[in-house]
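# okay, here's the prediction I keep looking at, along with the sequence it came from:
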Amino acid sequence: MVRFLLKRFGASLLMLVAVSVFTSWMIRQIPGDPAKAIAGEKANREAVERVRTEYGFDRPFVVQYAKFAGRLVRGDLGRSYQTGDTVAREIAVYLPATIELTLGAMLFGTTVGVLLGVALAYRRNTWLDSVGTSASLVGISMPIFWLGLVLMYVLSYKLHLFPTGGRMDVRLDPVHVTNFYLLDGLITGDATAFWDAFRHLILPAVTVGTIPLSIVTLMTRAAVIEELDKDYVKTARAKGLRERAVIYRHALKNAAVPILTISGLETAYLLGGAILTESVFGFQGIGLWLLAAVEARDYAVIQVGVLLVATIFIVVNLLTDVAYMLVDPRIRTERA
Amino acid sequence: MGIFGRIYEFLRGDVRGRRNRNLVAGAVIVGALMLVAVFANLIAPRRLVEPPPEPKLVGPSLLPKPRITLGTDRLGRDLGAMLARGTRTSLAIGLSAAAVALVIGAAVGIVSGYAGGAVDNALMRLMDVCMAFPAILLAILIVSILGQGTAQVTLAVGLVAIPAFARLVRGQALVLMKQEFILAARAAGVSPVRTVFTHLLPNCLPLMLVQTTFTIATAILNAAGLSYLGLGVRIETFEWGAILSDGKDRLLAAPWIVMETGLVILIAIIGFNLLGAGLRDRLDPRMRS
């Protein structure tokens, strides 16, 4: 098992290097002169040229990449051309928001999805099953930026149940320790701030989590139905176990691998969905930060930001693989 | 039997002893959208999509008097007519993008599956790298390179759909390569090109058709997402995402713009997804009764 883990870890590292090369190359294809962008519109030609040599934009791609990678390895992520702030500091501000959002969405999608999926499997071929399955199909097809607007219009503007956007009421000014607003509320014991951050998180998280919810529901339903037909389930029932125990302790456990696979694959949807949803709700996370950088041609931010998103994706995939082995002893022995 | 008779028979075909309701429902929705797209200029004549001299914001009405309408946009244009023209643009983007993904994705997948070894490894790792980015993020990067506009958006959402396509076709090609009829063809000295075109490709067609249908759905969705972010099709072009994006600033004054446009997008995506699922069941021999 250790050997498998090491191999998988090495492959992920190689992948990260490839992704960083690809990103750097893509960024350099964006039209426009980065030197001009940094020097500012009013800068004269000399100033622009000075910036060009200073930042090394006149060097070949390989040299530029090597320089970038060298700084990256030493933990220097560069500076935003727009704000002059270090990219690392900006990530520390915006990444927690996106992590809170995607974790919230994931939690919503998987817990509700697994429960729904089990319920539908248990009542398969009834009207409840048809309604649930159809609703999941609608969920999978959802344009989530629209879903966000609909939720915001109905629940925030009309029914005043939720705030209309942002991460926290501007009138509150709590202490931010980690920039994970929920966590900060807990650490500082500020219940008002915690509750407010939580209320701001609900609609965006539901929006991002809707497509994963639908997929997890359908997957769980299919996987549990398959298990329910197997002999060991009959045995469990025959020996007089309660149905709840049969489903949750036996069938669901064996159905866990396909469900996990899907949850891991959902990360791409979650991160993509986060970019759109952050824009709908004005939720200041990595997505909005990146969009602003693309608009301003802030190459330093785009490069690191895109790499960051890809890194999260690769790390989550690695973790999913590890989770498989913890859940399923068959895979543990097979791959070791 | 005429072409319509054949289509009817195809739609009626049973899957596991049951009517293929997905296929029928999907075909009806997609068929209706295609009709709207083809006849968009008749359904929505130019006078309806040009701003009137005195713009009025009118809500939707289901009553025949004064007339049934989906309401107007902020410039007083008829929203129903705009959406009809948008159907043409959005479907055109979806179909062309899927075509891009189909041609390149299938080529990469077939070459990878046929050649195997180092070529396969290199191509698939390249696809892995592309798949490490959320599709919409990659599309954002591509449009910032190519610039805004319908063609650029089409290319962007088409390119990001390639990896999934290539992987799928490669998987199928790998399975086929081990089968006896292909081994026999290769042993008999049939050239690689011929093997690919007479044996490999035809046997991948059903899978490719299904994947193309799903790709149209995601392409329309991603294109609308780009337009929503203001990076996609320019607002003057009627495209679903652009119409929705324009309406979002009037969410409180004219909620119907966002509601109706989003509903149209949702129905279209459901249509293509149903069609894809129905085709998959119909074309997979294991599912037949």
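Perfect, I can see it now.
# where is the longest helix in the chain?
You didn't pick a chain, so chain A it is. helix A:191-228 (DSSP state H).
# that's the wrong chain, I wanted chain B
From DSSP H, the single longest helix across chain B is helix B:79-115.
# and the stretch 51-200 of chain B, which of its residues are near chain A?
By Cβ under 8 Å from any Cβ of the partner chain, the residues of the stretch 51-200 of chain B that approach chain A are B:125, B:128-137, B:140-141, B:144-145, B:147. Quick note: C-beta positions are derived from backbone N, CA and C, even for glycine.
# neighbour-wise, which of those leads?
B:I140 (28 neighbours; other Cβ atoms under 10 Å in any protein chain shown).
# please work out the average pLDDT along the longest helix of chain A.
Helix A:191-228 shows a mean pLDDT of 90.
# quick one: is that helix near chain B?
No - using Cβ under 8 Å from any Cβ, helix A:191-228 stays clear of chain B, coming no nearer than 10.2 Å.
# so which bits of that helix are buried?
A:193-194, A:196-197, A:200-225, A:227-228 (16 or more other Cβ atoms under 10 Å in any protein chain shown).
# thinking again about what came up before, and which of the residues of the stretch 51-200 of chain B next to chain A is nearest to chain A?
Of all these, chain A sits closest to B:P134, with 3.2 Å by Cβ to the nearest Cβ.
# which helix or which strand is home to A:A37?
Counting by DSSP states H and E, the element that carries A:A37 is helix A:34-39.
# does anything pack onto that helix? Which helices or strands?
Judged by 3 or more Cβ pairs under 8 Å, 6 or more residues apart in numbering or on different chains; DSSP states H and E, the packing partners of helix A:34-39 are helix A:45-55.
# centre-most residue in the chain?
Chain wasn't specified; assuming chain A. A:L271 (3.6 Å; Cα atoms, centre = their mean).
# to clarify, I was referring to chain B.
B:I216 (1.1 Å).
# for that residue, give me its contacts.
B:G94, B:L95, B:A97, B:A98, B:F272 (Cβ atoms under 8 Å, 6 or more residues apart in numbering or on different chains).
# same thing but at 6 Å, please
Residues in contact with B:I216 (Cβ atoms under 6 Å, 6 or more residues apart in numbering or on different chains) are B:G94, B:A98, B:F272.
# among those, which one lies nearest to chain A?
B:F272 (8.2 Å).
# in the stretch 101-250 of chain A, what residue is nearest chain B?
For the stretch 101-250 of chain A, Cβ to the nearest Cβ, closest residue to chain B: A:W146, 3.2 Å.
# excluding chain neighbours, what is closest to that residue?
Closest residue to A:W146 apart from its sequence neighbours, by Cβ to Cβ, 6 or more residues apart in numbering or on different chains: B:G262 at 3.2 Å.
# so which bits of the longest helix of chain B are buried?
Counting neighbours by 16+ other Cβ under 10 Å, one finds that the buried residues in helix B:79-115 are B:79-91, B:93-102, B:104-106, B:108-115.
# how many neighbouring residues does the nearest residue to B:G80 once chain neighbours are set aside have?
Sequence neighbours aside, B:L70 is the residue nearest to B:G80 in space, at 3.9 Å (criterion: Cβ to Cβ, 6+ apart). The tally of other residues near B:L70 (other Cβ under 10 Å) stands at 23.
# surely B:L70 meets B:M82?
No - the pair B:L70 and B:M82 fails to qualify as a contact (Cβ atoms under 6 Å) at a distance of 8.9 Å.
# low-confidence ranges, chain B, go.
Within chain B, the stretches with pLDDT under 70 are B:1, B:14-17, B:65-66, B:285-289.
# and the helices in it, which stretches?
B:3-12, B:21-38, B:40-43, B:79-115, B:117-131, B:135-146, B:150-159, B:162-177, B:180-187, B:192-195, B:201-228, B:240-247, B:255-283.
# and those helices, which is most packed in?
helix B:240-247 (a mean of 26; mean count of other Cβ atoms under 10 Å in any protein chain shown).
# who touches it?
Under Cβ under 6 Å, 6+ apart, the answer for helix B:240-247 is B:82, B:86, B:90, B:224, B:227-228, B:232-233, B:235, B:257-258, B:261, B:265.
# could I have the CA atoms of that helix written out in CSV?
Taking C-alpha atoms only, helix B:240-247 is exported to CSV below (Å, rounded to 0.1, in the frame of the first residue of the first chain):
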residue,chain,number,x,y,z
TRP,B,240,-29.3,32.9,-24.5
GLY,B,241,-26.5,33.6,-22.0
ALA,B,242,-26.0,37.2,-23.3
ILE,B,243,-29.8,37.9,-23.0
LEU,B,244,-29.8,36.6,-19.5
SER,B,245,-26.6,38.5,-18.6
ASP,B,246,-28.2,41.7,-19.9
GLY,B,247,-31.4,41.0,-17.8
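# how close does B:I93 sit to chain A?
For B:I93, the distance to chain A equals 14 Å [Cβ to the nearest Cβ, to the nearest Å].
# could I get the full set of helices for the stretch 1-150 of chain A?
Along the stretch 1-150 of chain A, counting by DSSP state H, counting those that start in this stretch, helices occupy A:2-29, A:34-39, A:45-55, A:61-73, A:87-122, A:127-140, A:144-151.
# which of the ones you listed has the lowest mean pLDDT?
helix A:34-39 (a mean of 77).
# any weak-confidence spans in the stretch 201-336 of chain A?
Short version for the stretch 201-336 of chain A, where the test is pLDDT under 70: A:331-336.
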